[in-house]
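K.L.:
Give me a 3D structure for the following:
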Amino acid sequence: MAKSRDARVTITLECTGCSQDNNNRRLSGISRYTTQKNRRNTPMRLELKKFCPFCHKHIIHKELKK
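P.N.:
Numbering: from 1, shown residues only. All right, here's what the predicted structure looks like:
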């Protein structure tokens, strides 16, 4: 039986490079990934190195606020 407040939550990761350079580029976007994390094991914000198709390289993606 599942508890009322599950430990697994869905989070969104956003590229740090695209969010900073968004004003300088005309046809740019912001790379976002969705994933799940265990709230009990990882209470802090998640940072993962993922590929950004707009930067064309692997860069750190940080968890967004909800």
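K.L.:
what about Gly17, is that helix, strand or coil?
P.N.:
Following DSSP: H, G, I helix; E, B strand; the rest coil, we place Gly17 in the helix state.
K.L.:
what about it, how many neighbours?
P.N.:
16 (other C-beta atoms under 10 Å). Glycine gets a C-beta too; all of them are placed from N, C-alpha and C.
K.L.:
So it versus Arg39, what's the distance?
P.N.:
27 Å (C-beta to C-beta, to the nearest Å).
K.L.:
and if you look at Arg45?
P.N.:
12 Å.
K.L.:
Lys49 too?
P.N.:
22 Å.
K.L.:
So for these two, which sits in the more crowded spot?
P.N.:
Ranked by neighbour count (other C-beta under 10 Å), Lys49 and Arg39 place Arg39 first, with 13 against 9.
K.L.:
wait, doesn't the more buried one sit right on Arg8?
P.N.:
Yes - Arg39 is within contact range of Arg8, at 7.3 Å (criterion: C-beta atoms under 8 Å).
K.L.:
got the contact list for the residue nearest the centre of the chain?
P.N.:
Geometric centre of the chain, nearest residue: Leu13, 0.6 Å, by C-alpha atoms, centre = their mean. Shown in contact with Leu13 (C-beta atoms under 8 Å, 6 or more residues apart in numbering): Arg32, Tyr33, Thr34, Thr35, Leu46, Leu48, Lys50, His61, Lys62, Glu63, Leu64.
K.L.:
How about Leu64?
P.N.:
Neighbours of Leu64 in contact, by C-beta under 8 Å, 6+ apart: Ile11, Thr12, Leu13, Glu14.
K.L.:
Which of those has the largest number of neighbours?
P.N.:
That'd be Leu13 among these, by other C-beta under 10 Å, with 21 neighbours.
K.L.:
Mean pLDDT per element in this protein, and the minimum belongs to which helix or strand?
P.N.:
When each helix and strand of the chain is scored by mean pLDDT, DSSP states H and E, helix 16-21 comes last, with a mean of 76.
K.L.:
Now do the buried residues in the helix or strand following that helix.
P.N.:
Remark: after helix 16-21, the chain's next helix or strand is strand 32-38, criterion DSSP states H and E. Residues of strand 32-38 classed as buried by neighbour count (16 or more other C-beta atoms under 10 Å): Lys37.
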